[in-house]
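Colleague: Sequence first, predicted model second:
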Amino acid sequence: MDGAQRGEPIVVIDDDYAMRLACEQALAKVGYTVSTFADGAHGLEAVGTCKPGLVVVDLKMPGLSGLDVITRLHAIDPTITIIVITGYATISTAVDAMKAGAYDFLPKPFSPDELRLIVRRGFERRQLQLTSQQCEVERELQRRRFVTFVSHQLKTPLVAVHQYLDVLRQLGEAPEAAEKRQAWLSRCLVRTDELRRLIDDWLTLAQLEGGLLGRQRTRVDVDETITSVLRTYEGLGARDGITLTADVPEHCPVHGDPTCVGVLIDNLVANAVKYNRPGGTVTVRVQRAAGEVIIEVADTGIGVPADALPRLFDEFFRVRQPGVPKVEGTGLGLPICRRIAAEMGGVIEVESTEGAGSTFRVRLPDPEASPALATGRSA
Amino acid sequence: MKTGSRILIIDDDQDFVQALATLLERDGHSVLTAHNGREGVLRARREPPDLILLDVMMDERTEGFFVAQELRRIPELAHVPIFIVSAVYSEQPSMRVAPDRAWLGHDAFYRKPIDPDALLAGIRAALAAHPGAAPRGATP
């Protein structure tokens, strides 16, 4: 979209009457709103009221020079696009003008078409610049929101513990204190544990992002990792009658950081148990197909509502389903999984039916299908 | 000073609610609870409290501020003091919609964790200033 459609006016500043008239006619003809001024001082004065998107200014004028005008224009509004016209087009004057902030220059004499072309390009450049500034503002806002959110997440368990202790101290030896004390101390332990897990996950994510974790490249036998993870969760599963099974070929290496592969599978199996139903199943399958090792963790749990799926791998995103009891978690497990899969050159996907269960699928390059990966070993 | 006031706590952290409820009950108040803004407004309409403690970040990031405004617009609750409690926000946010301080009425801000003595004193002062004897919402 250019200036004519946006309705942003153009200001032309030139001491030569014929030049002002020529510019005005050439630009007005294609729909621009143009105001012309015979000197820098009047032109600058008008900038505050006409709010131009673009200013065409002659470099050589009596009174304020074109260069002065450029400098002051930028002080008023740094986003205004400036085009200079110059009668004696030496490279050095044009360079000075560009250094001072002009977008481009037009040597006299020029045709109406040349002027229109450079103005159109100027407006296009301005549009890009405004869009990118808008993106920058949006990014900064997002970042601040994120900081607020993280500090809230970290403070919440700490506040709960502090409040319990503060009130317990207030109650002193009151009779109701005795009965509260045991229950509240247990809750304090649960909440400090929550905080510790949050910090652990947050650090894991930060280490992955900072390259301090996940860069190691060795062959990892996923079948062994899976067996070990399933053993860890057998007890927790048994409490709710959840059966954990594995369908994994014996020899199944992937290429990556053993710690990270462990974290990846651990997080997925932990979710499959936590978001399951009593009597449900968790099935871990590994297949090799088309140059990929595909690790699947399927559960028969509560599933994820379709509208929550796109945000499922976002940091701190938690699914809220009416009537489903809140499941403890940091909201960082899946973002960690996504990051680890990406670090290993793979992807993670999810399929889910609300009320029926979810299947998480990690697709990693098969090291045996690409010999470079199979032999490469680096720290 | 009015004793035995009814205080509504709107906060999504059950442990925090539990601790505060015990403190308030021990000071002679009865306590109602709600775990998000929507539930809080319903509860307040059904059983109008004498004072409301309101968290900010619940299901939504600035939920509490909007809940405060919504409560203010309900005639029978318009005069109920609202104390905003937050671990993150320590003052009125810059996004406030109404131009004057009156949009949150007689509110105070309390930073979580709340000092029990300061809270109890604040509640006493607020209840003394708004004895709640007049029919709620009616200007004497």
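Modeller: Yep, it's here.

Colleague: what ranges do the helices span in chain B?
Modeller: Taking DSSP state H to define them, one finds helices in chain B at B:14-26, B:37-46, B:63-72, B:116-129.

Colleague: quick one, which of these is nearest to chain A?
Modeller: helix B:14-26 (3.8 Å; CB to the nearest CB). Backbone N, C-alpha and C define where each C-beta goes, glycine included.

Colleague: packing partners for that closest one?
Modeller: Under the contact criterion of 3 or more CB pairs under 8 Å, 6 or more residues apart in numbering or on different chains; DSSP states H and E, helix B:14-26 touches helix A:112-171, helix A:175-209, strand B:6-10, strand B:30-34, helix B:116-129.

Colleague: Tell me the residues on the stretch 151-300 of chain A that lie near chain B, please.
Modeller: Residues of the stretch 151-300 of chain A lying near chain B by CB under 8 Å from any CB of the partner chain: A:151-152, A:155-156, A:159-164, A:166-167, A:170-171, A:174, A:176, A:180, A:184, A:187, A:191.

Colleague: Find the centremost residue of chain B, please.
Modeller: residue B:52 (2.2 Å; CA atoms, centre = their mean).

Colleague: Wait, that one touches residue B:8, no?
Modeller: Yes: counting by CB atoms under 8 Å, residue B:52 touches residue B:8, with 4.8 Å between them.

Colleague: what do these two both touch?
Modeller: B:40, B:44 (CB atoms under 8 Å, 6 or more residues apart in numbering or on different chains).

Colleague: Would you quantify the distance from residue A:306 to residue A:358?
Modeller: 12 Å (CB to CB, to the nearest Å).

Colleague: Settle it for me: which of those two has more neighbours?
Modeller: When neighbours are counted by other CB atoms under 10 Å in any protein chain shown, residue A:306 and residue A:358 differ, and residue A:358 comes out ahead with 24 against 10.

Colleague: Looking at residue 122 now. What's its pLDDT?
Modeller: All of this refers to chain A. Looking at residue A:122, its pLDDT stands at 93.

Colleague: nope, chain B
Modeller: You'll see residue B:122 listed with a pLDDT of 93.

Colleague: Likewise for residue A:315?
Modeller: For residue A:315, pLDDT reads 88.

Colleague: now, of the helices and strands packed on helix B:14-26, which is deepest in the fold?
Modeller: Most buried of the helices and strands packed on helix B:14-26, by mean neighbour count (mean count of other CB atoms under 10 Å in any protein chain shown): strand B:6-10, with a mean of 24.

Colleague: got a list of what residue A:19 touches?
Modeller: Residues in contact with residue A:19 (CB under 8 Å, 6+ apart) are A:58, A:85, A:108.

Colleague: Sort out which of the residues you listed are buried, if you could.
Modeller: Neighbour counting by 16 or more other CB atoms under 10 Å in any protein chain shown classes A:58, A:85 among the contacts of residue A:19 as buried.

Colleague: The contacts of residue A:19 into TSV, with extra columns for secondary structure, distance to residue A:67 and pLDDT?
Modeller: Below are the contacts of residue A:19 laid out as TSV (DSSP: H, G, I helix; E, B strand; the rest coil; distance: CB to CB, whole Å; pLDDT from 0 to 100):
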residue	secondary structure	distance to residue A:67	pLDDT
A:58	strand	11	91
A:85	strand	13	89
A:108	coil	17	84
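
Colleague: Could you single out the nearest of the contacts of residue A:19 to residue A:248?
Modeller: residue A:85 (74.0 Å; CB to CB).
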